[in-house]
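Peer 1: Here is a sequence with its predicted model. Questions after.
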Amino acid sequence: MSCQKQPLSELLRPQQLGELTLPRKDIDRLKRMVESGWIMNMIFYGKPGLGKTSAARTIIRLVGQEHAEINPSSLLQNVEGLRRGIEGFVTTCTTTDYKICFIDEADYLPNKLQDGVRHLIELAPNHCRFLFTVNNLAKINDALRSRMPQICFDIAYAERVSVIERLKARIEAKLYELGVQFDATRLSELVGIYFPDLRAIANKIEYEFA
């Protein structure tokens, strides 16, 4: 563990749709979408650390389409450049295939750029798909939300027990694979305390067992 090159929070990122901390019904819907090879415009929303970015990246990897990943929070001082980047990518899409524009932390998109994305969705409905991750869904305007189904990553109380059990089993298997020695009782406690924040869980595990 001492020689690992990545933080445990990165090593524990979900790599398959079945590893996401979502209800089974949502995982099954996403799997069917990926198997069809044609995804919808979608918004993944919920508190930080729930696996929204991992879900988007997993979907992109599984469908194998060309994509761009953009994070507006790192480009707030260059809004015009951000606009040109999004529009430039979409204009490279063709009528014979489609690409995916993944906007991480899309709640940082200024309203004018959100209007521009809405226009691009209408302009190239079969050429480009947009995936958004957002912490605050209220910052995405109504016009965009009406065009992009929203999937909530906050865990409903009724789903909590089953999702926690799946998460604990996945973490234990990964720790065994990495050769990390851990106390199973304490691991269970940490998952229960910090759930559903996957980053916080990974950081506490690394702190206590590394």
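Peer 2: Perfect, I can see it now.
Peer 1: What is the burial count for V161?
Peer 2: 10 (other CB atoms under 10 Å). Backbone N, C-alpha and C define where each C-beta goes, glycine included.
Peer 1: now the strands: where do they sit in the chain?
Peer 2: 42-45, 67-70, 99-103, 128-134, 150-152 (DSSP state E).
Peer 1: Show me what the helix ranked longest in the chain is packed up against.
Peer 2: The residue-count maximum for a helix in the chain (DSSP state H) belongs to helix 160-178. On a contact count with 3 or more CB pairs under 8 Å, 6 or more residues apart in numbering; DSSP states H and E, helix 160-178 meets helix 184-194, helix 198-209.
Peer 1: The residue nearest to A184 when sequence neighbours are not counted: how many residues sit nearby?
Peer 2: Distances taken as CB to CB, 6 or more residues apart in numbering place E172 nearest to A184, at 7.0 Å, with adjacent residues excluded. The local packing of E172 (other CB under 10 Å) involves 16 other residues.
Peer 1: quick one: contacts for A68?
Peer 2: Going by CB atoms under 8 Å, 6 or more residues apart in numbering, A68 touches G85, F89, K99, I100, C101, F102.
Peer 1: so what's it bridging to?
Peer 2: When assigned by DSSP bridges, A68 has beta-bridge partners C101.
Peer 1: and it, how far is that from P196?
Peer 2: 29 Å (CB to CB, to the nearest Å).
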